[in-house]
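A.B. asks: I need the structure of the sequence given here:
(2 chains)
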Amino acid sequence: MSNCIKLASNELHGLLLDAVGRLVADGKVPSEPVPAFKIEIPADKTHGDFATNLAMVSAKAFHMPPRNIAALICDELILDGSCFERAEIAGPGFINFFLRRSWFSGVVQNVLSEKENYGKTDTGAGKRVLVEFVSANPTGPMHVGNARGGALGDSLAEILLWAGYDTQREFYINDAGNQIEKFATSLEVRYLQHFDPSVEMPEDAYHGADITEHAENFIKEFDNRYVGSDSKERRDALVAFALPKNIAGLERDLKKYRIVYDNWFSESTLHKNGSVKKVVDKLTEKGYTYEQDGAVWFKATEFGADKDFVLVRANGIPTYIVPDIAYHYDKLVTRNYDKAIDILGADHHGYVPRLKAALTALDAPADKLDVVLMQMVMLMRDGEIVKLSKRSGKAITLVTLLDEIPIDAARFFFNTREANSHFEFDLDLAVEKSSQNPVYYVQYAHARICSIIRTLAENSVSLEDADKSFLDVLDKPQEIELIRHIAALPVEVDSAAKAYDPSKITKYASELANLFHKFYDACSVKNAETPELMQARLLLCDAARQTLYNTLRILKIDCPERM
RNA sequence: GCGCCUUUAACUCAGCUGGAUAGAGUAACUGCCUUCUAAGCAGUAAGCCAAUGGUUCGAAUCCAUUAAGGCGCGCCA
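C.D. replies: Below you'll find the predicted structure:
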């Protein structure tokens, strides 16, 4: 699990500190502590492979112009035996460093030896992380927002795994509370309507066709057996009949979307084992609640929230947030995860500080809960917004979306934007099989490489026969740029894990495909000038293929060998 | 009224914890297949980084104010 860029960066850090240390020892600069400096990869390749602002940030401490300090440091640097060939002073006082050719060969060899593990890091050090996402209401089908949450959460979980975290995926089933009551009412009305059409559906109940379908299936099995029974019994029977079907449906649809959970956590278990009641009891015991208008309130403002909120209604039923508190308490304390990540719609942003306030009041480590808020999705068709209307049951569901566009496209597209940005999803573009579609652009690069490898194997050289000692002959800009980007995968994985941002990976994939296409255009493998060059390029192709494959595997997107 | 998010090219968006001439992709225009997949590549054109002030060697990036848009602020979830 080596990370060539990180190794080089660490080596450079040491070389710089050594150089400054010698300057201080020789009295060439004042004996001041070296300020924090950065080693970065310049955007402009003419500025080298790495650059540091060391000379600039130490100008004040050393009482010298940055460029003079840079000159002193460069004189004192010992690059022999390092992976750096040379250093030069540039601009206002940057020191730019250029890697040796052998470093690039090392990158390719590294990929070829690590194979499907290339890109993994041990940054997470095995810390236990729980990613909860989608957690769609089991009373109805999933919608487009769930599609975004699914792609985002599942890819994030995969990224965290690659970054060395012990990651679990979890779905929280809201199988209790008001939603279920509403679900029961809706089913009950549809059931009774079958026998007495005058029964009316309440305005705020579920009006979707799925409810009617459940009622009809229920009738096929039980006929009018529950018409005369008391309401509670009838409702329980209907929910017990329909809910498991819905949950199984969620699981099936998500699986089709390539999402498989490690755990499905039922809200009802929190009611049954007393956890929900315990939340209210404990908060009351600690003196953090008060009664007003017959309801029990939590003093959330004492824990940083914007306002107090009701825990138990005047009718004795807890509000939705109580089981949520119990659930997150379970994650952070009972199950003791090092990190719990929730993927939520941005409309929940006001709720997060309240939840955390309650957790803090219960002495749970609320700082271990990170919430990724994602903005709304706007579906675009023919350049116009597709209006969503959830209440009428006419929302576009995840299933209909996936009927319309390929899974690969959905998973890729939903991860092209940061969670935090409003998402405009172009349905026409997602189904398009053309260069305009970024998914195809990336997959095409993979298919192209496979084609090269096939052709070469048929005609002249197989991968197995290619000699790695020829890699040093690669020196064209397109070859070097490609290798440089290949080397960045572990860095990108860490960066995406740290920022909880899978869009970094889709960007990485697009850029990698782009660099390969440029290489392809400029450097023929089959018609390389020498046999050595041909073998080196073939190996580079395989390293690029492997890197592309691994990148798409993180996103769970297919890598076709032919297109 | 209060809080969160957004504002960068004609369109959709990058721009990492402040750094060297502001980047992609689409759309437009011009070239490149007797040569490993043209679902590709090369090139041209396109920007008052919403506005104003501040912080400093240096600001699209940090701070304040303003404007426009989105979303929250229930004894709904």
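A.B. asks: A:A544 contacts A:E511, correct?
C.D. replies: No. Between A:A544 and A:E511 there is no contact under CB atoms under 8 Å: 12.0 Å. C-beta coordinates here come from the backbone N, C-alpha and C atoms, glycine included.
A.B. asks: Between the two, which is the more surrounded one?
C.D. replies: A:A544 (27 against 14; other CB atoms under 10 Å).
A.B. asks: any idea which element the residue lying closest to that one once chain neighbours are set aside lies in?
C.D. replies: Spatial nearest neighbour of A:A544, excluding adjacent residues (CB to CB, 6 or more residues apart in numbering): A:F516 at 5.1 Å. Applying DSSP states H and E as the criterion places A:F516 in helix A:503-522.
A.B. asks: Tell me which residues touch the residue nearest to A:T301 when sequence neighbours are not counted, please.
C.D. replies: Of all residues not flanking A:T301 in the chain, A:D308 sits nearest, at 5.8 Å (CB to CB, 6+ apart). Applying CB atoms under 8 Å, 6 or more residues apart in numbering, we find A:D308 in contact with A:297-301.
A.B. asks: ok, stretch A:119-134 near RNA strand B or not?
C.D. replies: No. Stretch A:119-134 does not reach RNA strand B (CB under 7 Å from any atom of the strand); its nearest approach is 13.4 Å.
A.B. asks: Contact residues of the stretch 251-400 of chain A facing RNA strand B?
C.D. replies: Within the stretch 251-400 of chain A, the residues that sit near RNA strand B (CB under 7 Å from any atom of the strand) are A:292-295, A:306-307, A:309-310, A:313-315, A:319-321, A:346-351, A:373, A:375-376.
A.B. asks: redo that, cut-off 6 Å
C.D. replies: A:293-295, A:307, A:310, A:313-314, A:319-320, A:346-351, A:375-376 (CB under 6 Å from any atom of the strand).
A.B. asks: related to what we said a few turns ago, looks like the residue nearest to A:A544 contacts A:A445 (just checking).
C.D. replies: Yes. If you go by CB under 8 Å, A:F516 and A:A445 touch, sitting 4.7 Å apart.
A.B. asks: how about stretch A:506-517: buried residues?
C.D. replies: Of the residues in stretch A:506-517, A:506-510, A:512-517 count as buried by neighbour count, 16 or more other CB atoms under 10 Å.
A.B. asks: Check stretch A:255-264 too.
C.D. replies: Going by 16+ other CB under 10 Å, stretch A:255-264 has these buried residues: A:257-259, A:261.
A.B. asks: CSV for those residues, including pLDDT, secondary structure and distance to A:D363?
C.D. replies: Output for these, formatted as CSV (pLDDT from 0 to 100; DSSP: H, G, I helix; E, B strand; the rest coil; distance: CB to CB, whole Å):
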residue, pLDDT, secondary structure, distance to A:D363
A:Y257, 95, coil, 38
A:R258, 97, coil, 39
A:I259, 97, coil, 34
A:Y261, 98, coil, 29
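A.B. asks: Closest one to RNA strand B out of these, please.
C.D. replies: A:Y261 (19.3 Å; CB to the nearest atom of the strand).
A.B. asks: contacting residues around the closest one?
C.D. replies: A:169-171, A:251, A:254.
A.B. asks: roughly how far apart are it and A:V131?
C.D. replies: 10 Å (CB to CB, to the nearest Å).
A.B. asks: shared neighbours of the two, anything?
C.D. replies: Common contact partners of A:Y261 and A:V131 (CB under 8 Å, 6+ apart): A:169-170.
A.B. asks: what about the residue in the stretch 151-300 of chain A positioned nearest to RNA strand B, how many neighbours?
C.D. replies: Closest to RNA strand B within the stretch 151-300 of chain A is A:D293: 2.6 Å, counting by CB to the nearest atom of the strand. By the criterion of other CB under 10 Å, A:D293 has 8 neighbours.
A.B. asks: Kindly report the same for A:A8.
C.D. replies: 23.
A.B. asks: Would you mind confirming that it makes contact with A:E85?
C.D. replies: No. The criterion here is CB under 8 Å, and A:A8 misses it with A:E85 at 11.7 Å.
A.B. asks: if I look at the two, which residues touch both of them?
C.D. replies: By CB under 8 Å, 6+ apart, the residues touching both A:A8 and A:E85 are A:L99.
A.B. asks: any idea how far A:T416 is from A:K38?
C.D. replies: A:T416 is 28 Å from A:K38, by CB to CB.
A.B. asks: More neighbours: the two, which one.
C.D. replies: The neighbour comparison of A:T416 against A:K38 (other CB under 10 Å) goes to A:T416, with 17 against 10.
A.B. asks: Make sure that one is actually in contact with A:V439.
C.D. replies: No. Using CB under 8 Å, A:T416 is not in contact with A:V439, being 9.5 Å away.
A.B. asks: coming back round to it: once you drop chain neighbours, what's closest to the residue of the stretch 151-300 of chain A closest to RNA strand B?
C.D. replies: Closest to A:D293 by CB to CB, 6+ apart is A:A314, at 6.5 Å.
A.B. asks: Give me the pLDDT value at that neighbour.
C.D. replies: What the model reports as pLDDT for A:A314 is 93.
A.B. asks: which residues sit in contact with it?
C.D. replies: So A:A314 contacts A:293-295 (CB under 8 Å, 6+ apart).
A.B. asks: Surely it is in a helix?
C.D. replies: No. Counting by DSSP: H, G, I helix; E, B strand; the rest coil, A:A314 falls outside a helix, being coil.
A.B. asks: how close does it sit to A:D281?
C.D. replies: 18 Å.
A.B. asks: what's the answer for A:M380, then?
C.D. replies: A:M380 sits 50 Å away from A:D281, taking CB to CB as the criterion.
A.B. asks: How about A:E88?
C.D. replies: On the measure of CB to CB, A:E88 and A:D281 end up 69 Å apart.
A.B. asks: again, but for A:E32
C.D. replies: From A:E32 across to A:D281, the span is 58 Å (CB to CB).
A.B. asks: same thing with A:C559?
C.D. replies: Counting by CB to CB - A:C559 and A:D281 are separated by 54 Å.
A.B. asks: who's more crowded, the two?
C.D. replies: A:C559 (19 against 12).
A.B. asks: Surely the more buried one is in a strand?
C.D. replies: No. Counting by three-state DSSP, A:C559 is not found in a strand; it is coil.
A.B. asks: is it true that it touches A:T547?
C.D. replies: No. Here A:C559 lies out of contact with A:T547, judged by CB under 8 Å, at a distance of 11.2 Å.
A.B. asks: who touches the residue nearest the centre of chain A in this structure?
C.D. replies: The centre of chain A sits closest to A:L156, judged by CA atoms, centre = their mean, with a distance of 2.4 Å. With CB under 8 Å, 6+ apart as the criterion, the residues that contact A:L156 are A:131, A:133, A:341, A:343, A:372, A:496, A:500-502.
A.B. asks: Quick check: A:L512 touching A:Y549?
C.D. replies: No. The pair A:L512 / A:Y549 is not scored as a contact, 10.7 Å apart, by CB under 8 Å.
A.B. asks: which regions of chain A sit below the pLDDT cut-off?
C.D. replies: A:1, A:387-395, A:433-436 (pLDDT under 70).
A.B. asks: tell me the residue furthest from the middle of it?
C.D. replies: Taking CA atoms, centre = their mean, the residue of chain A most remote from its mean C-alpha position is A:G228, at 51.2 Å.
A.B. asks: Quick check: phi and psi at that residue.
C.D. replies: Main-chain torsions, A:G228, degrees, to the nearest 10: phi -90, psi -10.
A.B. asks: Tell me the spacing between it and A:L192.
C.D. replies: On the measure of CB to CB, A:G228 and A:L192 end up 11 Å apart.
A.B. asks: residue boundaries of the strands in the stretch 351-500 of chain A?
C.D. replies: Remark: strands assigned in the stretch 351-500 of chain A by DSSP state E, counting those that start in this stretch are A:369-374, A:377-381, A:384-386, A:423-426.
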